[in-house]
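In: give me the fold of what follows.
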Amino acid sequence: MPALWIAHVTVTDADAYGKYAELAGPAIAKHGGHFIARGGRFVQLEGKERARNVVARFPSLEAAETCYNSPEYQKALAHARGASERELMIVETTED
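Out: Okay, the predicted model is just below:
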């Protein structure tokens, strides 16, 4: 089953986070992921509002988790740590 990688982010250091975004995109693509939402308009209905919301679709939950743990993504993530407050989850979809 496909899976969605869902991130809610508040950027605290735009320069460092820009480096993260530059490296994260290719790492996500390498693992079969593609962005379906990336920082677009949103309406916060419940919970803590984050200014940036990102959704990427992967072929499976396992592919998304492998991406997260990959050396390429971990290298990118090093730039996001300390440059953002974020929540990230992977959710399996109900459709193929």
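In: pull out the buried residues from the biggest helix by length in the chain.
Out: For the chain, the longest helix by residue count, based on DSSP state H, is helix 14-30. Buried residues in helix 14-30, counted by 16 or more other Cβ atoms under 10 Å: 16-17, 19-21, 23-25, 27-28. Just so you know, the C-beta spots here come from the backbone N, C-alpha and C atoms, and that holds for glycine as well.
In: which residue ranges of this structure form helices?
Out: 14-30, 61-69, 71-80.
In: model confidence score at Gly39, please.
Out: pLDDT for Gly39: 88.
In: what's the closest non-adjacent residue to it?
Out: Arg52 (5.0 Å; Cβ to Cβ, 6 or more residues apart in numbering).
In: pretty sure that neighbour sits against Ala14.
Out: No - contact criterion Cβ atoms under 8 Å: Arg52 and Ala14 do not qualify, at 10.7 Å.
In: ok, Glu49 - how many residues close by?
Out: Counted by other Cβ atoms under 10 Å, the residues lying close to Glu49 total 12.
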